[in-house]
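# What follows is a predicted protein model with its sequence.
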Amino acid sequence: MDKTLAPEQKRCTILDSMIDNRYREEIPDIVDLVVNSCSDKGCFDHLDSAVIPSKEALTEIIDLIRDILFPGYFGDQTVDRNTLSYHVGNEITELFNKLSEQITNSIIHECKRYEEECTECVDRGQEETLMFLKKIPEIRSMLASDIIATYEGDPAAKNYDEIIFSYPGIFAMTVYRAAHELHRQGISIIPRIMTEYAHSAVGIDIHPGAKIGKGFFIDHGTGVVIGETCEIGNNVRIYQGVTLGSLSFPKDESGRIIRDQKRHPTIEDDVIIYSNATILGGDTVIGARSVIGGNVWITESVPADTKVIIEEPRLIFKEKKH
């Protein structure tokens with residue numbers, strides 16, 4: 001075997017030598033079947049298209065963003081006041097290079113999708129990246145309010161470091177707050193890839209289009225769903241399993257879903273929503289300072305300063321037989 005071959009090439013060569021000739025003859029026909037299936041309009045491929053943003057690159061970008069938002073917490077380097085400018089400068093430069101490439105790919109991809117001429121995509125990608133980078137101090141401030149709300153709302157939290165390092169809600173909000181700003185800038189694909197990465201990592205599903213105020217606290221977090229058109233005020237607390245979803249999907253005369261309408265609820269300031277509550281509908285408003293108990297199902301508005309709970313169930317106690 002040629003020692004100059006790359007490891008992957010060597011592996012393919014070994015596998016090829018292991019294929020029985022009876023089966024090897026079948027492979028070209030299978031290849032033709034797969035290639036021909038790409039002409040089927042009922043199937044999907046991404047041929048003859050611009051390069052789509054890379055999920056792997058965006059995972060690296062999320063790590064970079066976290067390091068910039070929380071200097072000294074993540075990464076292998078020790079950062080102090082004397083090295084902060086140098087450290088942040090390197091991180092910002094690296095983030096600019098990586099993110100501008102992915103945003104440019106997103107812009108080119110959209111231009112090709114709509115058969116538009118793309119003459120300034122690289123410039124636009126860099127301009128959008130600079131616009132995002134200038135928002136970092138604002139994002140840091142919002143996340144600081146989330147961390148403080150988490151500490152004040154969770155007696156199990158020992159300190160802020162523990163929250164930043166380990167709380168799934170803060171990870172999800174870090175990714176969401178960055179992705180939301182890109183979404184506001186009209187960047188396609190990238191914000192959703194980012195929040196779905198967080199969803200897969202910690203089980204919290206926040207659409208980047210949702211609007212969430214400061215001091216947002218997700219306790220535990222597993223199974224939380226926050227839809228695209230949700231509007232959440234300041235100092236809201238929710239627990240695991242909460243769904244802020246759509247009640248129905250309006251359709252046009254052709255039976256197609258009508259998009260870009262408000263489908264998800266509005267949660268006003270200082271609301272608490274306990275575990276496994278389901279709140280649905282674009283016209284549903286949960287008034288300020290209300291408390292929504294666990295396991296409730298709500299499809300209509302709740303006035304301010306209201307407590308909503310399920311009637312206490314009747315428990316049956318039976319003596320255990322030995």
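Great, that's in hand.

# which residues touch residue 124?
By C-beta atoms under 8 Å, 6 or more residues apart in numbering, residue 124 lies in contact with 104, 107. All C-beta atoms are positioned from the backbone trio N, CA, C, and that covers glycine.

# Also residue 177?
Residue 177 makes contacts with 139, 142-143, 212, as judged by C-beta under 8 Å, 6+ apart.

# Can you give me the pLDDT of it?
Per-residue confidence (pLDDT) for residue 177: 98.

# same question, residue 117
pLDDT at residue 117 comes out at 69.

# picking up where we left off before, please produce TSV containing the contacts of residue 177, extended by neighbour count, secondary structure and pLDDT.
Listed next are the contacts of residue 177 as TSV, based on neighbours: other C-beta atoms under 10 Å; DSSP: H, G, I helix; E, B strand; the rest coil; pLDDT from 0 to 100:
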residue	neighbour count	secondary structure	pLDDT
139	18	helix	98
142	22	helix	98
143	22	helix	98
212	21	strand	98
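
# how many neighbours does residue 92 have?
Using other C-beta atoms under 10 Å, the number of residues around residue 92 comes to 14.

# Just list the residues touching it, thanks.
Here residue 92 is in contact with 68, 133 (C-beta under 8 Å, 6+ apart).

# Secondary structure element holding it?
Using DSSP states H and E, residue 92 falls within helix 84-113.

# can I assume residue 313 sits in a strand?
No - counting by DSSP: H, G, I helix; E, B strand; the rest coil, residue 313 falls outside a strand, being coil.

# Got the phi and psi for it?
phi -70, psi 160 (degrees, to the nearest 10).

# Now do the SS call for the most centrally placed residue in the chain.
Closest to where the C-alpha atoms of the chain average out (C-alpha atoms, centre = their mean) is residue 195, at 0.8 Å. Following three-state DSSP, residue 195 is assigned to helix.

# before we move on, the earlier item: what average pLDDT does the helix or strand following the helix holding residue 92 get?
Note on helix 84-113: by DSSP H and E, the next helix or strand toward the C-terminus is helix 121-133. Averaged over helix 121-133, pLDDT sits at 95.

# Show me which residues of helix 121-133 are buried.
Judged by neighbour count (16 or more other C-beta atoms under 10 Å), helix 121-133 contains these buried residues: 121, 124-126, 128-129, 132-133.

# ok, so of those, who is nearest residue 305?
Nearest to residue 305 among those: residue 132, at 38.7 Å, using C-beta to C-beta.

# What's the separation between the closest one and residue 106?
12 Å (C-beta to C-beta, to the nearest Å).

# And for residue 297?
On the measure of C-beta to C-beta, residue 297 and residue 106 end up 38 Å apart.

# that older thread, doesn't residue 210 make contact with the residue nearest to the centre of the chain?
No - Residue 195 is beyond contact range of residue 210, at 9.3 Å (criterion: C-beta atoms under 8 Å).

# Mutual contacts of those two, please.
Residues touching both residue 195 and residue 210 (C-beta under 8 Å, 6+ apart) are residue 176.

# Now do stretch 242-255, average pLDDT.
Average pLDDT, stretch 242-255: 86.

# which outside residues touch that stretch?
So stretch 242-255 is contacted by 223-227, 230, 232, 257-258, 261, 263-265, 267, 273-282, 284, 299 (C-beta under 8 Å, 6+ apart).

# which intervals of the stretch 51-200 of the chain have sub-threshold pLDDT?
Applying pLDDT under 70 to the stretch 51-200 of the chain flags residues 114-117.

# Turn the buried residues of helix 121-133 into a markdown table, including distance to residue 101.
What follows is those, written out as a markdown table (distance: C-beta to C-beta, whole Å):
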| residue | distance to residue 101 |
| --- | --- |
| 121 | 11 |
| 124 | 13 |
| 125 | 7 |
| 126 | 10 |
| 128 | 12 |
| 129 | 9 |
| 132 | 13 |
| 133 | 14 |
